[in-house]
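A.B. asks: Sequence first, then the predicted structure, then my questions.
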Number of protein chains: 2
Amino acid sequence: MARVLITSGPTRQYIDPVRYLTNASSGRMGCSLAEAALAAGHEVVIVSGPVTVTYPSEATIKWVTTTEEMLEVAREQFATCDGLIGVAAPCDYRPEFVQGQKISKTGQPLVLELIETPDIVATLGAEKGSRWVVGFALETEDRRFRALVKLEKKSCNLMVLNGPEAMNSDDNQVEVLAKDGTVVASLSGSKPEVATRIMEIVGNQLIYA
Amino acid sequence: MARVLITSGPTRQYIDPVRYLTNASSGRMGCSLAEAALAAGHEVVIVSGPVTVTYPSEATIKWVTTTEEMLEVAREQFATCDGLIGVAAPCDYRPEFVQGQKISKTGQPLVLELIETPDIVATLGAEKGSRWVVGFALETEDRRFRALVKLEKKSCNLMVLNGPEAMNSDDNQVEVLAKDGTVVASLSGSKPEVATRIMEIVGNQLIYA
């Protein structure tokens, strides 16, 4: 039995009190992974951005809005967990300056300077010690190569690779990649089916290894 | 009996295949206005951005993603309607260039050039002829003044003024402003309650006037 931290859903980075940058992550894959982890007898803590999905009531759920908040809360929770599944899609850019009032239209272009937000999986990966970390990579080109670079850079034990078609969809098609570049599994099916298979691999390779 | 067009919800403006600009509009006020209009015996057409709210099944619902799509579909529908309630919160900036592939992080700032999207209420207001138009203004400062400027600029018959706290909330607090600057009503309560009162005013002042 392990205590599993799952980050899930998107985050929002506001540019003014009304407008923000985000993505279409629905939290459904995070929800399916939480259900699969609970079904396998584990404890689950979810740190989630704003979504309307209904997470399992047996999980501890912490709600956040921004990437910085997600990092802060995930780091706190990771201290008491055995491993992290980072399936959230945190917004990885934020405006350098956030306007205190709603930006009024002037007819002129608006130049937005975006800077990178901290990388949650990389930050917790660097601090993981004997804990395990599973990352997710959403790539649109050179998919496997980029996912392996991320696996290495973020100190992950396994990296799950998917494409943008996974976002806000019922189904998923993923590859689970190991450190040495091997494709541990190619999975496709409904998100609950894929999540169950991923948890089996996590159980075999990381929790009970 | 009138045929009422309601624009509702947010729109999304993608910067690459994954990331987009949007806002927290839930479509709940649009949904409540649709219910109030149906209850008052009107026909309702809703043009909505991506939301998870359940619109009344008696309404005709057209789904869109971007502001340009919302304008195109709303314009088509407006041709067969007697009036427009523009309660949507369309994203009013879009990136000048949309990247075909997911933008990779480089550690460097990302400069985004945003340009204004077409104003849906102003465009339909300018073409309205004998039809009526009710706009919504979400303001964070100089609220009443800015709302009246918008009423004039967008050729509205009435302007409903609210604040950002209305977004994705159960309740709403609004002022209904007329062309001559009078406050026709100050309303607060649940969104269904406020919507019913707004539809009474629209009925009295615009539909059966």
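C.D. replies: Yep, that arrived.
A.B. asks: which bits of chain A sit near chain B?
C.D. replies: A:12, A:15, A:17-24, A:50, A:52, A:89, A:91-93, A:96, A:101-102, A:104-105, A:107, A:109-116, A:119, A:138-141, A:146, A:164, A:167 (Cβ under 8 Å from any Cβ of the partner chain). C-beta: built from backbone N, CA, C; applies to glycine.
A.B. asks: Just the buried ones from those residues?
C.D. replies: A:12, A:15, A:17-24, A:50, A:89, A:91-93, A:102, A:112, A:114, A:119, A:138-140, A:146, A:164, A:167 (16 or more other Cβ atoms under 10 Å in any protein chain shown).
A.B. asks: one step back: out of the residues of chain A next to chain B, which sit inside helices?
C.D. replies: Using DSSP state H, the members of the residues of chain A next to chain B that fall in helices are A:Arg146.
A.B. asks: Among the residues of chain A next to chain B, which lie within strands?
C.D. replies: A:19-23, A:93, A:110-116, A:138 (DSSP state E).
A.B. asks: Pipe the residues you listed into a markdown table and attach pLDDT per row.
C.D. replies: Output for these, formatted as a markdown table (pLDDT from 0 to 100):
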| residue | pLDDT |
| --- | --- |
| A:Arg19 | 94 |
| A:Tyr20 | 96 |
| A:Leu21 | 97 |
| A:Thr22 | 97 |
| A:Asn23 | 96 |
| A:Tyr93 | 95 |
| A:Leu110 | 92 |
| A:Val111 | 92 |
| A:Leu112 | 91 |
| A:Glu113 | 93 |
| A:Leu114 | 94 |
| A:Ile115 | 96 |
| A:Glu116 | 96 |
| A:Leu138 | 90 |
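A.B. asks: Closest one of these to A:Ile61?
C.D. replies: Nearest to A:Ile61 among these: A:Thr22, at 19.4 Å, using Cβ to Cβ.
A.B. asks: Wait, a helix at A:Arg75?
C.D. replies: Yes. Membership of A:Arg75 in a helix is supported by DSSP: H, G, I helix; E, B strand; the rest coil.
A.B. asks: Contacts only, for A:Leu151.
C.D. replies: The contact partners of A:Leu151, taken as Cβ atoms under 8 Å, 6 or more residues apart in numbering or on different chains, are A:Gly135, A:Ala137, A:Leu158, A:Met159, A:Leu177, A:Lys179.
A.B. asks: hmm, try it at 6 Å
C.D. replies: A:Leu151 sits next to A:Met159 when contact means Cβ atoms under 6 Å, 6 or more residues apart in numbering or on different chains.
A.B. asks: Which of the three states applies to it?
C.D. replies: A:Leu151 falls in the helix class when you classify it by three-state DSSP.
A.B. asks: From chain B, how far out is it?
C.D. replies: Using Cβ to the nearest Cβ, to the nearest Å, A:Leu151 is found at 15 Å from chain B.
A.B. asks: Only the buried residues of the helix or strand containing A:Ile85, if you could.
C.D. replies: Under the criterion of DSSP states H and E, A:Ile85 resides in strand A:83-86. By neighbour count on 16+ other Cβ under 10 Å, the buried set for strand A:83-86 is A:Gly83, A:Leu84, A:Ile85, A:Gly86.
A.B. asks: List the residues that contact the third one.
C.D. replies: Contact analysis of A:Ile85 by Cβ under 6 Å, 6+ apart lists A:Ile6, A:Leu33, A:Val134.
A.B. asks: could you measure it against A:Val44, distance?
C.D. replies: Taking Cβ to Cβ, to the nearest Å as the measure, A:Ile85 falls 9 Å from A:Val44.
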